[in-house]
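*Asks:* below are the sequence and a predicted model; questions follow.
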Amino acid sequence: MKALGTALQAHLDDGTTTLAWCWRITRSDGVVLGFTDHDRDLAFDGTGFEPESGFAASEVRSASDLSVDAQDAEGVLSSDRITETDIRDGRWDNADVEVWRVNWANTSQRVLMRRGAIGQIRRGRLAFVAEVRSLAHLLGQNVGRSFQATCDAVVGDSRCGVDLDDPAYRSAGVVTGISLDRAFTASGIGSFEAGWFTFGTVEWTSGANAGRRAEVSGHGLDGGDASVSLLEAPVLQIAEGDGFVIRAGCDKRVATCADRFANAVNFRGFPHIPGQDTILRYATSDGGHDGSVL
């Protein structure tokens with residue numbers, strides 16, 4: 001049940017209403033944006049709601065169980081605050097959303113209909129459709145640690161403890177050639193052995209992608225130059241001469257933690273647990289099943 005203010009309830013009871021939808025979105029980078037399906041600017045609680053974005057919403061669906069309710073918000077890429085680059089860059093991913101029903105003639109008369117987060121975003125050449133998930137989606141996320149053989153820490157974080165700014169794990173490079181939209185050769189990092197930066201990160205320091213980061217899926221050596229493959233194509237095209245800083249990666253195995261980083265003491269996995277093949281083993285007559293450690 002939604003608790004409506006006396007003035008808003010009286011407006012609804014009047015039969016002739018002046019209602020509009022408003023969305024207040026707080027992105028992961030802290031930017032707060034407001035949009036409305038009304039044809040003029042609205043404002044309340046210190047946020048301006050822009051009409052030119054072309055936002056249009058589907059029906060609000062709510063269930064009595066704990067399933068994740070969702071609502072679609074569709075818009076065109078006409079607002080200078082909604083750009084394809086920002087969408088591709090992930091700045092809208094998991095953004096906090098408030099969906100309001102507002103009397104546009106008197107915005108003090110309003111009710112909060114839904115809180116949620118931006119889920120899947122489907123985009124085309126001129127428009128996008130964003131899924132607004134209810135807060136129930138938080139119940140489907142893993143909380144706490146996982147009992148697994150590999151490490152569940154992120155290399156370089158406080159639980160890992162490795163300093164990725166150490167020159168042994170970090171280097172600056174320059175793109176010397178383009179292989180694919182997500183693969184290139186580079187100078188400046190050829191002194192590191194092949195695979196050293198696999199699963200690491202590239203931070204672009206110059207060029208069209210300056211300031212952005214990307215994950216490394218492969219690192220090899222080709223003569224004096226190194227080859228780098230990214231997990232996903234950058235938002236903007238890579239060009240020769242682009243500068244970057246690359247940091248070492250980790251495949252989450254205890255052997256890598258010990259040999260590459262000398263950091264086995266901070267390993268956050270359980271490398272000695274039995275593997276999945278344990279449940280498939282069967283008794284044999286070779287004397288190998290005597291109850292000892294597998």
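*Replies:* Perfect, thanks for sending it.
*Asks:* just to be sure, residue 9 is in a helix?
*Replies:* Yes - secondary structure of residue 9 (DSSP: H, G, I helix; E, B strand; the rest coil): part of a helix.
*Asks:* by mean pLDDT, flag the weakest helix or strand of this protein.
*Replies:* Of all the helices and strands that make up the chain, strand 70-76 has the lowest average by mean pLDDT, DSSP states H and E, namely a mean of 53.
*Asks:* could you point out which element follows that one?
*Replies:* Once the chain leaves strand 70-76, the next helix or strand it forms, by DSSP states H and E, is helix 84-88.
*Asks:* which other helices and strands contact that next one?
*Replies:* Judged by 3 or more C-beta pairs under 8 Å, 6 or more residues apart in numbering; DSSP states H and E, the packing partners of helix 84-88 are strand 110-123. The C-beta positions use only the backbone N, C-alpha and C, and glycine is treated the same way.
*Asks:* what is the rounded mean pLDDT of the strand it packs on?
*Replies:* For strand 110-123, mean pLDDT rounds to 78.
*Asks:* in its sheet, what does that strand sit against?
*Replies:* Sheet pairing here is set by DSSP bridges, and for strand 110-123 it gives strand 96-103 (antiparallel), strand 127-134 (antiparallel).
*Asks:* tell me where the model's unsure across the protein.
*Replies:* 1, 52-84, 120-130, 134-142, 281-294 (pLDDT under 70).
*Asks:* let me see the domain layout of it.
*Replies:* Listed by automatic domain parsing, the domain ranges of the chain are 6-140, 170-248.
*Asks:* winner for burial among these?
*Replies:* Burial of these is given as mean neighbour count (mean count of other C-beta atoms under 10 Å); domain 170-248 ranks first at a mean of 17.
*Asks:* all strands of the stretch 151-294 of the chain, in order?
*Replies:* Ranges of strands in the stretch 151-294 of the chain, per DSSP state E, counting those that start in this stretch, are 170-180, 183-187, 201-204, 213-222, 225-230, 243-247.
*Asks:* looking at those, spot the one closest to residue 21.
*Replies:* The closest of the strands of the stretch 151-294 of the chain to residue 21 is strand 213-222. By C-beta to C-beta, the value is 34.8 Å.
*Asks:* which strands and helices lie in contact with the closest one?
*Replies:* Under the contact criterion of 3+ C-beta pairs under 8 Å, 6+ apart, strand 213-222 touches strand 201-204, strand 225-230.
*Asks:* got those strands as JSON lines, with distance to residue 17 columns?
*Replies:* Below are the helices and strands packed on strand 213-222 laid out as JSON lines (distance: least, C-beta to C-beta, whole Å):
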{"stretch": "strand 201-204", "distance to residue 17": "50"}
{"stretch": "strand 225-230", "distance to residue 17": "51"}
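*Asks:* out of the ones you listed, nearest to residue 190?
*Replies:* Closest to residue 190 of those is strand 225-230 (C-beta to C-beta; 5.1 Å).
*Asks:* return the distance of the closest one from the chain's centre.
*Replies:* Distance of strand 225-230 from its chain centroid, counting by C-alpha atoms, centre = their mean, to the nearest Å, is 24 Å.
*Asks:* what pairs with it, and is each one parallel or antiparallel?
*Replies:* As defined by DSSP bridges, the strand partners of strand 225-230 come to strand 183-187 (antiparallel), strand 213-222 (antiparallel).
*Asks:* that'll do, ta.
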